[in-house]
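Asker: let's see this in three dimensions:
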Amino acid sequence: ACLTSLISVCIIAALTKVPWPKAEKKRETKHTPLLRKDLALAGMNQVAVWTQRPFNYFPRFTQEGLK
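Answerer: Numbering: from 1, shown residues only. From the prediction side, this is the model:
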């Protein structure tokens, strides 16, 4: 039930385009060749691999207040 709820939240967030502070860029990592091999076995070729990194949208604010 917990996993189903998490998946539902992810789908709703994707459909409603909830803003989330993240940076995306196309890049290769040490795991990319293995990922590409698995995708090729599944019939998916020419897949672009992007990485996402969340960042602090308000870096000067913490739970305790202003830094």
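
Asker: what's the closest non-adjacent residue to Thr29?
Answerer: Residue nearest to Thr29 in three dimensions, not counting chain neighbours: Thr51, with 6.8 Å by CB to CB, 6 or more residues apart in numbering. Every residue, glycine included, has its C-beta placed from N, CA and C.

Asker: Provide the strand pairings for whichever strand or helix holds that neighbour, with the direction of each partner.
Answerer: For Thr51, the host element (DSSP states H and E) is strand 50-54. Here strand 50-54 is paired, per DSSP bridges, with strand 22-26 (antiparallel).

Asker: mind listing what's buried along the helix or strand Lys37 falls within?
Answerer: For Lys37, the host element (DSSP H and E) is helix 32-41. Of all the residues in helix 32-41, those buried under the rule 16 or more other CB atoms under 10 Å are Arg36.

Asker: tell me which residues are up against that helix.
Answerer: For helix 32-41, contacts defined as CB atoms under 8 Å, 6 or more residues apart in numbering pick out Asn45, Val47, Val49.

Asker: swap the cut-off to 6 Å and go again
Answerer: Applying CB atoms under 6 Å, 6 or more residues apart in numbering, the contact partners of helix 32-41 are Val47, Val49.

Asker: just the CA atoms of it, as CSV, please.
Answerer: These are the backbone C-alpha positions of helix 32-41, laid out as CSV (Å, rounded to 0.1, in the frame of the first residue of the first chain):
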residue,chain,number,x,y,z
THR,A,32,25.8,4.6,-18.1
PRO,A,33,27.3,1.7,-20.2
LEU,A,34,25.5,-0.9,-18.1
LEU,A,35,22.3,1.0,-18.3
ARG,A,36,22.6,1.3,-22.1
LYS,A,37,23.3,-2.4,-22.3
ASP,A,38,20.2,-3.2,-20.3
LEU,A,39,18.1,-0.8,-22.4
ALA,A,40,19.4,-2.3,-25.6
LEU,A,41,18.4,-5.8,-24.4
